[in-house]
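below are the sequence and a predicted model for it; my questions follow.
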Amino acid sequence: MGGRVCLITGGGSGIGRATALMMAAEGAAAVVVAGRRSGEGEAVAEACRAAGARSLFVRTDVTNEEDVEHLVKTTVERFGRLDVAFNNAGHQERHALMETQGTDVFDTVFDTNVRAVFLCLKHQLAAMLPRGSGSIVVNTSVSGIRNPNPGLALYSASKAAVISLTRSAAMECAPRGVRINAIAPGRVVTDMMMAAVAGVGRIDAVAKGLPLRRMGRPEEVAEAVVWLASDQSAYVVGHVLAADGGFLAA
């Protein structure tokens with residue numbers, strides 16, 4: 001990440017927080033943290049500054065195009081350019097059978113997981129394509145590849161849509177110098193995952209069902225995100241990297 005200007009949505013906690021801190025530690029020139037919760041976001045920005053990167057928090061609702069446009073413009077105006085973006089913000093509905101879900105739940109899931117990624121890509125690419133360089137990583141899920149649990153139909157469908165959107169964007173933009181890839185985490189210890197696990201059984205029971213017999217840590221996913229965003233993966237385009245402890249292989 002040496003000298004790069006990096007942007008992370010959903011950067012206040014979990015995988016987003018771990019990635020922001022790792023990018024700062026890996027030599028990023030600047031790390032912009034975006035999210036809805038100011039307290040968490042400001043704390044991450046401060047930690048990035050302590051690690052040696054310039055950093056700021058921009059309060060952002062990624063489902064709102066004006067907010068997303070403001071986020072990218074603020075990044076470019078403050079730091080001169082945008083080199084790396086990690087579109088990490090996401091939402092998972094409560095476990096429930098499909099016939100019991102309302103359209104309000106559908107809208108929330110798809111607005112956060114699909115519409116927001118489209119908006120972020122649209123405005124990030126507007127900043128990157130004229131320069132002919134940049135790297136974007138989108139956070140999807142193993143649920144978009146194989147639905148692991150009944151009761152998460154909307155989340156799984158939204159993440160499958162994100163995978164398709166990411167691959168389409170990658171094919172459009174690779175000839176113009178911008179690489180786009182996706183990360184597909186499995187069972188990782190985040191607030192969102194803990195809420196989901198509470199609805200389907202004990203944490204240790206879920207962990208025992210994985211080939212590694214444990215859940216992942218946000219830092220382990222962040223390692224994969226940073227690799228995808230860096231020049232070390234320069235020949236990787238349109239790929240979905242599963243950081244899942246072997247879930248999909250089992």
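Sure thing, it's come through.

for Ala249, see how far away the spatially most central residue of the chain is.
Closest to where the C-alpha atoms of the chain average out (CA atoms, centre = their mean) is Asn88, at 1.9 Å. Relative to Ala249, Asn88 is positioned 24 Å away (CB to CB, to the nearest Å). C-betas here are computed from N, CA, C, even on glycine.

Val188 now?
17 Å.

next one: Met128
34 Å.

quick one: which of these two has more around it?
Met128 (27 against 8; other CB atoms under 10 Å).

who does the helix or strand encompassing Ala18 touch, helix- and strand-wise?
Element membership for Ala18 (DSSP states H and E) is helix 14-25. With contacts defined as 3 or more CB pairs under 8 Å, 6 or more residues apart in numbering; DSSP states H and E, helix 14-25 has these neighbours: strand 5-9, strand 30-35, helix 38-50, strand 84-87, helix 218-229.

please save the CA atoms from the first one in CSV.
Output for strand 5-9, consisting of C-alpha atoms alone and laid out as CSV, is shown next (Å, rounded to 0.1, in the frame of the first residue of the first chain):
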residue,chain,number,x,y,z
VAL,A,5,-4.7,6.8,-1.1
CYS,A,6,-7.2,4.3,0.2
LEU,A,7,-10.9,4.4,0.8
ILE,A,8,-12.9,1.9,3.0
THR,A,9,-16.7,1.9,3.3
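
which one in this protein is furthest away from the centre?
Quick read of the chain (CA atoms, centre = their mean): farthest out is Glu99, 28.9 Å.

hang on, that one in a strand?
No: secondary structure of Glu99 (DSSP: H, G, I helix; E, B strand; the rest coil): helix, not part of a strand.
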